[in-house]
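Undergrad: Let me see the structure of the following:
(one chain, ligands or ions: 2)
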Amino acid sequence: MERIILDVDTGTDDAVAIMMALQSEDIEVLGICSVNGNRGIDNTTENTLRVVEYLGYDNVPVYKGCRFPMVVTLTPNRRECFPYKGPKDPKDNVHGDYLELPAATIKEQKDHAVKFIIDTIMASDGDISIVPVGPLTNIAMAMRIEPEICKKIKQIVIMGGGYRETNITATAEFNFWIDPEAAKIVMQSGCKIILVPLDATHKAAVSKDLAKEMRKTGTKACDYAAEIIETRWNGYKTWQPMEDVNTVPIHDALAVSYLINKDVLQNIVYTHVDVDISGGISDGQSVCDVEKRDKEAMPNAYVALGADKNLFEQLMLKTLSKKERK
Ligand code: BDR
Ligand code: CA
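TA: Ligands and ions are numbered 1, 2, ... in the order given. Reported below is the predicted structural model:
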């Protein structure tokens, strides 16, 4: 059983990741932290609560996290739009401002997400994994406030970065780009890090026919995941078509899948990953030294360059077709 803290900027693919984590028999979700990212913090928190309530997991606490990235918005012209509002062309928009689920009636906890992370990790026996699938602001803030947590985190399974694949600029992946300094702090933390970059999530892009299979199961989780696959496919086919145009990435769910079955990630390289925080044209780029050119650089992450698409689809279908709580 993996005990985890999930950190999300919900978001459609975050929603699938949350549903998989809640429904999996191999995962115990201790709490879900929201962070600024796909949309502002009030939206990502409300969206997270909507998903949790939709599946009836009202007992799983949700904590609101950081409203701002660490420092990236302080430098004039470094980030033009804050909070992020999605692609300029609305038809490419795969998240929307709010998820198409009933408004939440449950509320987030009083404590801040960063406090929850610190308290939970410090009180643990070193058996808790953190799974951030949004910008790394909450995790980096927690590490700055209480560096001792780094010695007690079992592992951090991050959806973020890219080796050869990018999505928000010519050089950067969205989660790292939103808060590059936070990404750098986490990469330098000394924690065991499993990095699930775009190179893996694009290889695991799911077929849009999976949505049909999911609808046949009739569970609420499958129904909603099917809707998300279709919405995302409609956006991705023009915004960022995959090599196989009938597939679409559900990035964040791949990181959660790794906690259910490690074989879902493939071609894992243990190497040094750094993050560009220069504010230049490569701002937020994850620099993965896969060819090990820098002989001085110590490896700090297990970087997955591939993924088993069929296994990922099976895990998604199996986990989400489990009967929900209500
Ligand atoms: C990541 O960016 C976000 O938009 C998605 O939710 C995912 O976490 C992919 O680059
Ligand atoms: Ca996300």
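Undergrad: Which residues are in contact with the residue of the stretch 201-326 of the chain found nearest ligand 1?
TA: Among all residues of the stretch 201-326 of the chain, residue 251 sits closest to ligand 1, at 4.2 Å; criterion: Cβ to the nearest ligand atom. C-beta here means a position set from N, CA and C on the backbone, and glycine is covered the same way. Residues counted as contacts of residue 251 (Cβ atoms under 8 Å, 6 or more residues apart in numbering) are 13, 133, 159, 196, 198, 201.
Undergrad: at 6 Å what do you get?
TA: 13, 159, 201 (Cβ atoms under 6 Å, 6 or more residues apart in numbering).
Undergrad: Can you name the residues that contact the first one?
TA: So the one you mean is residue 13. The contact partners of residue 13, by Cβ under 6 Å, 6+ apart, come to 250, 251, 252.
Undergrad: Pick the one among these closest to residue 67.
TA: residue 252 (20.6 Å; Cβ to Cβ).
Undergrad: and that closest one, that's in a helix?
TA: Yes: Residue 252 sits within a helix when classified using DSSP: H, G, I helix; E, B strand; the rest coil.
Undergrad: Report the closest residue of this protein relative to ligand 1.
TA: Counting by Cβ to the nearest ligand atom, the chain gets nearest to ligand 1 through residue 174 (3.6 Å).
Undergrad: If I follow the layout properly, that residue ends up in contact with residue 168?
TA: Yes: here residue 174 reaches residue 168: they are 4.5 Å apart, a contact under Cβ atoms under 6 Å.
Undergrad: Which one's more surrounded, the two?
TA: The neighbour count for residue 174 versus residue 168, taken as other Cβ atoms under 10 Å, is higher for residue 174 (23 against 16).
Undergrad: how far away is the residue nearest to the spatial centre of the chain from residue 259?
TA: Note on the chain: the residue nearest the mean C-alpha position is residue 133, at 1.5 Å, using Cα atoms, centre = their mean. To residue 259, residue 133 is 12 Å away according to Cβ to Cβ, to the nearest Å.
Undergrad: in the stretch 201-326 of the chain, what spans have low per-residue confidence?
TA: 324-326 (pLDDT under 70).
Undergrad: Which residue is the nearest non-sequential neighbour of the residue of the stretch 201-326 of the chain closest to ligand 1?
TA: Closest residue to residue 251 apart from its sequence neighbours, by Cβ to Cβ, 6 or more residues apart in numbering: residue 201 at 4.1 Å.
Undergrad: since we're on that neighbour, how many residues are nearby?
TA: With other Cβ under 10 Å as criterion, residue 201 counts 26.
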